[in-house]
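1. Quick one: sequence plus predicted model below, questions after.
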Amino acid sequence: MSRLDSVIRRLEAQRLCLALAAQLVREVPGPVLELGLGNGRTYDHLCELLPDREIFAFDRVLAAHPACVPDERHLVLGDFADTLPHSLARLRGRAALAHADMGDGDAARSAARAAQLAPLIDSLMAPGGVVLGDQSMTQPRWRALPLPAGVAAGRYFIYRVAGG
């Protein structure tokens, strides 16, 4: 499979999973977390899917398209390992949805990063919330959910946080 076909499949899977996640959190109050703002495409899509939600975007540096940059109050810049713990005061246990796009092409490094960040993400999640991302993650409160039709196993991951 060409790299172009691979990225197309990844983006199609991402769109299907985001749509499912938005449906799953319709009755779960709380903000949305976009972990990995990147160029802002997913953030922009989340704004369309969940227009009434407060959305916080996290990234190391700002590199998003100007039309896809959240306001200063909703943009958190710096390493996730530092910024997620600092966000506990305002977000602990409140997030209805967290989308984590952490893969960087190096499978071992991406898996280690996901394992490091999963407990931090969990501390921000509300009961009944949904975590989805491009890396497999585990936490005691998280239950893996089936992927939407058309998404290959291992392409994306969706979890429901227990308690909701």
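-> Received it, and whenever you're ready, just let me know what you need.
2. What residues of the helix or strand residue 19 falls within count as buried?
-> Assessed by DSSP states H and E, residue 19 sits inside helix 3-24. Residues 10, 13-18, 20-22, 24 are the ones in helix 3-24 that count as buried (16 or more other CB atoms under 10 Å). Using the backbone N, CA and C atoms, a C-beta is placed for each residue, glycine as well.
3. Which of those residues sits closest to residue 49?
-> Distance to residue 49, by CB to CB, is smallest for residue 22 among those, at 4.2 Å.
4. quick one: that closest one and residue 97 touch, right?
-> Yes - between residue 22 and residue 97 there is a contact at 7.4 Å, judged by CB atoms under 8 Å.
5. Let me see the contact set for residue 79.
-> Applying CB atoms under 8 Å, 6 or more residues apart in numbering to residue 79 gives the contacts residue 60.
6. from the buried residues of helix 3-24, which has minimum pLDDT?
-> Scanning these for pLDDT, the low point is residue 10. It has 87.
7. which ones are touching that one?
-> 134, 155.
8. Sheet-wise, list the partners of the helix or strand that the helix holding residue 19 is followed by with their directions.
-> For helix 3-24, the following helix or strand on the C-terminal side (DSSP H and E) is strand 32-35. Strands that pair with strand 32-35, judged by DSSP bridges, come out as strand 55-59 (parallel), strand 95-100 (parallel).
9. okay, the next helix or strand after the last one in PDB with CA atoms only?
-> Along the chain past strand 95-100, the next helix or strand (assigned with DSSP H and E) turns out to be helix 107-124. Output for helix 107-124, consisting of C-alpha atoms alone and laid out as PDB, is shown next (Å, rounded to 0.1, in the frame of the first residue of the first chain):
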ATOM      1  CA  ALA A 107       6.100   2.600  16.800                       C
ATOM      2  CA  ALA A 108       8.200   2.000  19.900                       C
ATOM      3  CA  ARG A 109       8.500   5.700  20.800                       C
ATOM      4  CA  SER A 110       4.800   6.300  20.100                       C
ATOM      5  CA  ALA A 111       3.700   3.300  22.300                       C
ATOM      6  CA  ALA A 112       6.000   4.500  25.100                       C
ATOM      7  CA  ARG A 113       4.500   8.000  24.900                       C
ATOM      8  CA  ALA A 114       0.900   6.600  25.000                       C
ATOM      9  CA  ALA A 115       1.700   4.500  28.000                       C
ATOM     10  CA  GLN A 116       3.200   7.500  29.800                       C
ATOM     11  CA  LEU A 117       0.300   9.800  29.000                       C
ATOM     12  CA  ALA A 118      -2.700   7.400  29.500                       C
ATOM     13  CA  PRO A 119      -2.800   7.900  33.300                       C
ATOM     14  CA  LEU A 120      -2.700  11.700  32.800                       C
ATOM     15  CA  ILE A 121      -5.500  11.500  30.300                       C
ATOM     16  CA  ASP A 122      -7.500   9.300  32.600                       C
ATOM     17  CA  SER A 123      -7.200  11.800  35.500                       C
ATOM     18  CA  LEU A 124      -9.000  14.400  33.200                       C
END
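10. Perfect, that will be all.
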